[in-house]
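Novice: this is a predicted model, with the sequence first.
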Amino acid sequence: MFASRGLLRSSRRLVGGISSATRTYVNLSKPSTSVAVLELDRAPVNSLSKEMADAVSAAIKEAEGDDKVQALVLKSSNPKIFSAGLDITEMNNPEVERLEDFWRSIQDLFLTLYGSRLSTVAAIEGHSPAGGCLLAMSCDYRVMTEGENFKIGLNETKLGIAAPYWLKDLFVKTIGNREAELGLGLGKLYSPSEALSVNLIDEVVKNEDVLEVAMKEAETWAKIPPKGRVASKVMLRSEMMDELREKKELDVGWFRDFIMEEGTQKGIDAYLKSLGGKK
Ligand SMILES: CC/C=C\C/C=C\CCC/C=C/CC(=O)SCCNC(=O)CCNC(=O)[C@H](O)C(C)(C)COP(=O)(O)OP(=O)(O)OC[C@H]1O[C@@H](n2cnc3c(N)ncnc32)[C@H](O)[C@@H]1OP(=O)(O)O
């Protein structure tokens, strides 16, 4: 029960050093011996397509492959948008096989980030709705830039969809049941100060300070002896992860059936057209 699969992941398959490795959609660098930085870099809004989700998972695993690295800062190349969440076009009139593979990649990204042996700090620069909030909540610590127009939360109901059960569970774990009922039901997006008041994030900082604060926090976590730190993380997180691993294909089926419904498609289509007013 203690050694949840994946959490104390073996690094044998992984390359060792990280030297500003740059790949499509993400940039991975190592500004200090024990802290790596993973930058989300998929214009215009860092939405999570299947390929983007796979790239983020691969970069986390690469960082874990360096035994000296103990912490990871997750940031955005866009100072106004951390991530706009799942790429909605993946769910709009999709091919069923692609849709299922897309969802497996999202599940894997969650399991990889939430279950990482690394201490993870989200430097939330700007907007972070839905899947963006999932990324942030999967980290150990969350710093968000100030600016009351920036929003974070789970707005799925506003698109006519529902968060999967494991994202709901993560939300409840993070902000408690009552606030999650309000947040999920209303599809509420919180300003940084509101998010801080419900413990959705841990700190609000000036835009220009976000990386420095996140790096400092990551260095603090990196100094904790990893054996006890990782064991504590396993104790806190393994139950949720094990449940999803057991139900993975069931969850893929729920997602597929929900998304393929005609009513869901109508809602997604209308929402997508409203975005940017251009589609
Ligand atoms: C019982 C249930 C059982 C099973 C159900 C299981 C699972 C279902 C759950 C699925 C989970 C979904 C989670 C999600 O993440 S859904 C995505 C939610 N995201 C959003 O609602 C964010 C939408 N975007 C925005 O609000 C704004 O773009 C943002 C505030 C981030 C930035 O605003 P800005 O004005 O700067 O940019 P825009 O002009 O709006 O956008 C620029 C272009 O980017 C496109 N765009 C934006 N967001 C997305 C996205 N998430 N996916 C794809 N494309 C996106 C936008 O359309 C613009 O494109 P162009 O018009 O320029 O082509």
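Specialist: Cool, the structure landed.

Novice: and Ser47, how far from the ligand?
Specialist: Per CB to the nearest ligand atom, to the nearest Å, Ser47 is found 4 Å from the ligand. Yep, even glycine has a C-beta here, placed from its N, CA and C like the rest.

Novice: count of neighbours near that residue?
Specialist: By the criterion of other CB atoms under 10 Å, Ser47 has 21 neighbours.

Novice: do the one 10 residues further on as well
Specialist: Neighbouring residues of Ser57 were enumerated by other CB under 10 Å; the total is 19.

Novice: again, but for Val234
Specialist: When neighbours are counted by other CB under 10 Å, Val234 comes out with 20.

Novice: pull the helix or strand with minimum mean pLDDT from this protein.
Specialist: Every helix and strand of the chain was ranked by mean pLDDT, DSSP states H and E. The lowest is strand 21-23, at a mean of 53.

Novice: for stretch 198-217, buried residues please.
Specialist: Across stretch 198-217, burial judged by 16 or more other CB atoms under 10 Å covers 198, 200-205, 210-211, 213-215, 217.

Novice: for that stretch, what is the distance to the chain centroid?
Specialist: Relative to its chain's centre, stretch 198-217 lies at 16 Å (CA atoms, centre = their mean, to the nearest Å).

Novice: what lines up beside whatever helix or strand comes next after the least confident helix or strand of the chain in the sheet?
Specialist: Later in the chain than strand 21-23, the nearest helix or strand by DSSP states H and E is strand 26-29. Strand 26-29 has its sheet partners listed here by DSSP bridges as strand 21-23 (antiparallel), strand 35-40 (antiparallel).

Novice: just confirm Pro44 is within a strand.
Specialist: No: assigned with DSSP: H, G, I helix; E, B strand; the rest coil, Pro44 falls outside any strand and is coil.
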